[in-house]
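Sequence plus predicted model, see below.
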Amino acid sequence: MSRGPILIGMASLKGGVGKTTSAVHIAGRFAEQGRKVLLADGDRIRTATTWAARGHLPFTVGSERSLARAAEYDVVIID
C-alpha cells in the first residue's frame, strides 16, 4: 500500500521570519538522504524559485501548480 509523500507546510502570517530559508534547508537535508523532493513555492514573491534559478539545488522547486504531481515525490514541502 502506497502512503504517499511526506508533506510539510511552512506558514507564517509575517514575512521575513526565515520560512523559505528553513524550507530550502529541510528540502536539502531530505535530498541528501536520497529522497525525491519537491519544494512548492507558493510564496507571493517566489524567493525559492529565485534561489533555484541561481544554481543547482538537489531537489525540484516548482510553483503551487507543481503540487498536481506531488505523488511522484517522496517529500513535498510547501513554502
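Great, that's in hand.

Now do the contacts for the residue lying closest to Ser12 once chain neighbours are set aside.
In space, and not counting its chain neighbours, Ser12 is closest to Lys19: 5.2 Å by Cβ to Cβ, 6 or more residues apart in numbering. Every residue, glycine included, has its C-beta placed from N, CA and C. By Cβ atoms under 8 Å, 6 or more residues apart in numbering, Lys19 lies in contact with 10-12, 43, 79.

quick one: which of those residues has the most company?
Asp79 (25 neighbours; other Cβ atoms under 10 Å).

returning to that earlier point: with pLDDT, secondary structure and distance to Ala52 as added columns, please give the contacts of Lys19 in JSON lines.
Listed next are the contacts of Lys19 as JSON lines, based on pLDDT from 0 to 100; DSSP: H, G, I helix; E, B strand; the rest coil; distance: Cβ to Cβ, whole Å:
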{"residue": "Met10", "pLDDT": "94", "secondary structure": "coil", "distance to Ala52": "16"}
{"residue": "Ala11", "pLDDT": "90", "secondary structure": "coil", "distance to Ala52": "20"}
{"residue": "Ser12", "pLDDT": "88", "secondary structure": "coil", "distance to Ala52": "21"}
{"residue": "Asp43", "pLDDT": "87", "secondary structure": "coil", "distance to Ala52": "13"}
{"residue": "Asp79", "pLDDT": "93", "secondary structure": "coil", "distance to Ala52": "11"}
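
same for the helix or strand that contains Trp51, what does it pack against?
Under the criterion DSSP states H and E, the helix or strand holding Trp51 is helix 47-54. Packing contacts for helix 47-54, counted by 3 or more Cβ pairs under 8 Å, 6 or more residues apart in numbering; DSSP states H and E, involve helix 19-32, strand 37-41, strand 60-63.

Okay, buried residues for the shortest one please.
In this case it means strand 60-63. 60-62 (16 or more other Cβ atoms under 10 Å).
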